[in-house]
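A.B. asks: Could you look at this predicted model? Sequence included:
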Amino acid sequence: MNKKDIQIRELKLAEVTLRENENGSKTIEGLIPYNSRSEDMGFFEYITPSAFNKTLADGADVRALFDHESSKLLGRVKNGSLRLRSDEVGLHIECDLPDTSYAVDAYNLIKNDYNRGMSFGFIPIKEKWEVQEIDGEERDVCYLLEVRLLEVSFCVSFPAYEATTSNARSLLVALNNVKADELSEEERKLINEKLRELQPEQTPSTGAVPGTSAEEEKRQDEQLQAFIDSLNKK
């Protein structure tokens, strides 16, 4: 198993709450908890309190998305609509929603308990791996010491990303606003290897992200290839 890769994690028991502000605007709040053992992913994982320190210190322009859709931007650090704050509990996320139809949809889906799913995409930078006894078995356990946070998503409907093209497009969404020349040589190598691994030789007819039109699917394929080509030129 390649233990250092682009990762997307779902928070199945995400603490997602809503707030209506005095000016009529609406805010989604979420939490990525620290020191909480993940579900069994073939290994177990803990996010440590230091994991997002560099992302926050660098003022990285993290984006908030509706179900990993880059065209449905809910907020971003750059304009202040997305705010990230870390304490001993976890990474607190506040996202002031724009005045768009899909933002209204996101708010109502959460409000009416249709979809409270939340996930985040990141590149692991520093990890610590141990073998621990869990439920009477020796299991691999990963501690994320430092990661590069790329995006957070609300209203996540299909977190498993089982189809090959869905995997590739999900990674593309996470990297959509990252320029190749902003990545280190090691990060470019890891991303390129993963995208090559996930990119199918032929796009399967059932591999599209649910709800994706044929035209949008073709555009995503072109973006994916362009991103791979930009990495190969480095």
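C.D. replies: Thanks, I have the structure now.
A.B. asks: got a pLDDT number for the closest residue to residue 120 other than its chain neighbours?
C.D. replies: Distance criterion Cβ to Cβ, 6 or more residues apart in numbering; nearest residue to residue 120, sequence neighbours excluded, is residue 152 at 4.6 Å. To be clear about C-beta, it is placed using only N, CA and C from the backbone, and glycine gets the same treatment. At residue 152, the model reports a pLDDT of 92.
A.B. asks: now residue 87
C.D. replies: Reported pLDDT for residue 87: 96.
A.B. asks: got it, and residue 209?
C.D. replies: Here, the pLDDT recorded for residue 209 equals 39.
A.B. asks: Could you tell me the model confidence score at residue 43?
C.D. replies: pLDDT, residue 43: 90.
A.B. asks: Same check on residue 116?
C.D. replies: If you check residue 116, the pLDDT there is 81.
A.B. asks: Might one say that it is in contact with residue 16?
C.D. replies: Yes: using Cβ atoms under 8 Å, residue 116 makes contact with residue 16 at a distance of 4.9 Å.
A.B. asks: Identify the contacts common to these two.
C.D. replies: Common contacts of residue 116 and residue 16 (Cβ atoms under 8 Å, 6 or more residues apart in numbering): residue 110.
A.B. asks: From the neighbour counts alone, determine which of these two ranks first.
C.D. replies: residue 116 (21 against 18; other Cβ atoms under 10 Å).
A.B. asks: Am I right that the more buried one sits in a strand?
C.D. replies: No: Residue 116 is assigned coil when assessed by DSSP: H, G, I helix; E, B strand; the rest coil, not a strand.
A.B. asks: how close does it sit to residue 133?
C.D. replies: With distances taken as Cβ to Cβ, to the nearest Å, residue 116 is found 33 Å from residue 133.
A.B. asks: Just give the number of residues close to the closest residue in space to residue 15 that isn't next to it in sequence.
C.D. replies: Counting by Cβ to Cβ, 6+ apart, the nearest residue to residue 15 once its immediate chain neighbours are dropped is residue 31, at 4.4 Å. Using other Cβ under 10 Å, residue 31 has 16 other residues around it.
A.B. asks: Helix or strand: which one has residue 31?
C.D. replies: strand 26-33 (DSSP states H and E).
A.B. asks: Please identify the helix or strand for residue 129.
C.D. replies: strand 118-134.
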